[in-house]
Every structure is written in C-alpha cells, then in structure tokens.
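Participant: okay, here's the prediction I keep looking at, along with the sequence it came from:
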Amino acid sequence: MARDISAEEEKKIEELLANHPFTRRMVERRAAAAAAKAELEAMKKGMEKGMEKGMEKGMEKGMEKGMEKGMEKGRAEGRAEAIRNLICRFLETKFGSETLQLQETVQKITDADVLDEIVSKLFVASSLEEMRKIINNG
C-alpha cells in the first residue's frame with residue numbers, strides 16, 4: 001500500500017538521491033562510459049577516413065608508377081622494333097632475298113642494346129657471311 005506523497009516530499013527525495021554519494025558515482029560512471037564510447041567512435045571514424053585516404057593515395061601512386069613503367073617498356077619495345085626493321089631493310093637492300101632466314105633471326109632479338117651493337121657494325125660488313133657472324137654473335 002503505497003501512500004501518496006506530496007510534490008514537496010517528492011522534491012526532497014529527489015534532492016536526497018541526487019546528492020547521495022552512490023547516485024553521484026553512478027552518474028559520473030555513466031557519463032565517463034558515454035564519453036569513452038563517443039571518443040572510441042570518433043577514433044574509429046578517423047581511422048576509417050585515414051585508411052580510405054591512404055588507400056586512394058597508394059592506388060594513385062601505384063597507377064602512376066605502373067603507367068610510367070608501361071610507357072617506358074612501350075618505348076623500349078618500339079625502339080627495338082624500329083632497329084630490327086632498319087637492320088632487315090639494310091639486309092634486303094644490300095644482299096637481297098638470300099637474307100630472309102637472317103632477317104627472321106633479327107626479328108627474334110628483343111634487346112635494344114644488342115640491336116644497337118649490330119647496327120653499329122652493319123656498315124663495315126662487306127659480305128653476307130660477315131653479317132651472319134655479326135647478327136649471330138650479337
């Protein structure tokens with residue numbers, strides 16, 4: 001059987017509870033827990049944003065490096081192709097259709113430095129046999 005209490009009595013009870021050390025500790029603990037939870041959420045969001053930006057920058061740099069390497073490789077391949085074509089044209093012009101097998105050998109060489117070395121010796125070769133030696137020895 002609960003008895004009815006007046007508004008004044010209810011107010012006094014609330015004041016007593018609010019000022020009681022146990023109640024204060026509970027309120028402080030709840031406030032601290034809420035603050036810690038909010039801080040943890042903020043840190044989590046910050047880390048997510050940081051990781052996202054880091055991934056974007058990493059992908060960007062990776063793509064740039066990949067494109068640079070791809071372009072560099074493409075230039076090297078194009079240069080090698082041009083040198084191979086020059087050597088084959090020289091062989092065909094100077095020695096005729098007898099050089100078809102030798103031209104096939106030239107087409108298999110992919111190292112531009114080796115091809116450059118062959119080109120530097122082209123003009124001093126006086127016979128098809130000399131050219132075979134130059135090309136076969138790289």
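Facilitator: Yep, it's here.
Participant: using PDB, write out every CA atom in the least confident helix or strand in the chain by mean pLDDT.
Facilitator: Within the chain, confidence by mean pLDDT, DSSP states H and E is lowest for helix 7-19 among all helices and strands, at a mean of 80. Taking Å, rounded to 0.1, in the frame of the first residue of the first chain, the C-alpha atoms of helix 7-19 are listed here in PDB:
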ATOM      1  CA  ALA A   7       5.100  17.300  -4.500                       C
ATOM      2  CA  GLU A   8       7.200  18.800  -1.800                       C
ATOM      3  CA  GLU A   9       8.100  15.400  -0.400                       C
ATOM      4  CA  GLU A  10       8.900  14.100  -3.900                       C
ATOM      5  CA  LYS A  11      11.200  17.000  -4.500                       C
ATOM      6  CA  LYS A  12      13.100  16.400  -1.200                       C
ATOM      7  CA  ILE A  13      13.500  12.700  -2.100                       C
ATOM      8  CA  GLU A  14      14.900  13.700  -5.500                       C
ATOM      9  CA  GLU A  15      17.400  16.100  -3.900                       C
ATOM     10  CA  LEU A  16      18.500  13.500  -1.400                       C
ATOM     11  CA  LEU A  17      19.000  10.900  -4.200                       C
ATOM     12  CA  ALA A  18      20.800  13.400  -6.400                       C
ATOM     13  CA  ASN A  19      23.200  14.400  -3.600                       C
END
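Participant: and residue 109, helix, strand or coil?
Facilitator: coil (DSSP: H, G, I helix; E, B strand; the rest coil).
Participant: residue contacts, it?
Facilitator: Going by CB atoms under 8 Å, 6 or more residues apart in numbering, residue 109 touches 80, 84, 115, 118, 135, 138. Heads up, the C-betas are built off the backbone N, CA and C, glycines and all.
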